[in-house]
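Trainee: one predicted model, sequence on top.
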Amino acid sequence: MFRAALDLFAAKGFADTTVEDITEAADVGKGTFFNYFPSKEHLLAAFSDMQLAKLQTAIEFARQNQEPMPSFLRALGVNMTAEPARNPSIVRALLQANLSGNVVRDLMRENHARALALMTDLIALGQQRGEIRGDLPASDIANVFRQMVFGTLLLWSVYGDGSLSARIHTAFDLLWHGLAPRLLSPNEGESSDRQGPSPGSHPL
């Protein structure tokens, strides 16, 4: 049912796909559908739950291992977008559902909050190891990382080609220069203290 629904969302659009369409495509009864999902909107929430579980597993692995944080975060970005890379319609359906009603938006907001909390813990771990700059709140860095992944994913969904992994790698390369620990010489530190931030400078 989940796969059939995604295909229909891509072909007909989220708003125009009915539960009957989904059950017919999946060759199941309507009652079977409601045994698993309260509404078609909850199909998208189920995908979000799957992604959240994947994130939690990855972060538990990071806590138990010493993989360098740069390579771990890069791989995390690629792995979290692996399923959408196989089916761009997921991204388009999520966007359409978020724009069209509160049901999915409220469910997704809850999952986004949980994901941000997990990512904040991960960034804090990197800060403790000295692999991520410690002069910014872990939650701010976690949010920027997630915005990088989701923003890249959203822009890629317009094309739906095979470039998603390369786009994630490029975005991460650019982002990491702002996340890596700053190693300033004493003179540079004094100069910064006297002059303040340069015009147009960005905290990351």
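Mentor: Looks like it came in fine.
Trainee: when you work out contacts or count neighbours from here on, use the C-alpha atoms and nothing else.
Mentor: OK.
Trainee: can you give me the strands in the protein?
Mentor: For the chain, no strands are identified by DSSP state E.
Trainee: low pLDDT regions in it?
Mentor: Residue ranges of the chain with pLDDT under 70: 97-101, 182-204.
Trainee: go through it and flag its longest helix.
Mentor: Using DSSP state H to define each element, the chain has its longest helix at helix 102-128.
Trainee: so which bits of it are buried?
Mentor: 104-105, 107-108, 111, 115-127 (16 or more other Cα atoms under 10 Å).
Trainee: next: stretch 152-171.
Mentor: 152-154, 156-157, 160, 164-165, 167-169, 171.
Trainee: same thing with stretch 2-22?
Mentor: 2, 5-10, 13-14, 17-19, 22.
Trainee: ok, so of the residues you listed, who is nearest residue 47?
Mentor: residue 2 (8.6 Å; Cα to Cα).
Trainee: report the contact partners of the residue lying closest to residue 124 once chain neighbours are set aside.
Mentor: Nearest in space to residue 124, with sequence neighbours left out and distances taken as Cα to Cα, 6 or more residues apart in numbering, is residue 138 at 5.4 Å. Applying Cα atoms under 8 Å, 6 or more residues apart in numbering, we find residue 138 in contact with 120-121, 123-124, 127.
Trainee: tell me where this structure has helices.
Mentor: Under DSSP H, the chain gives helices at 2-12, 19-26, 30-36, 41-64, 69-80, 82-86, 89-100, 102-128, 138-157, 164-179, 186-195.
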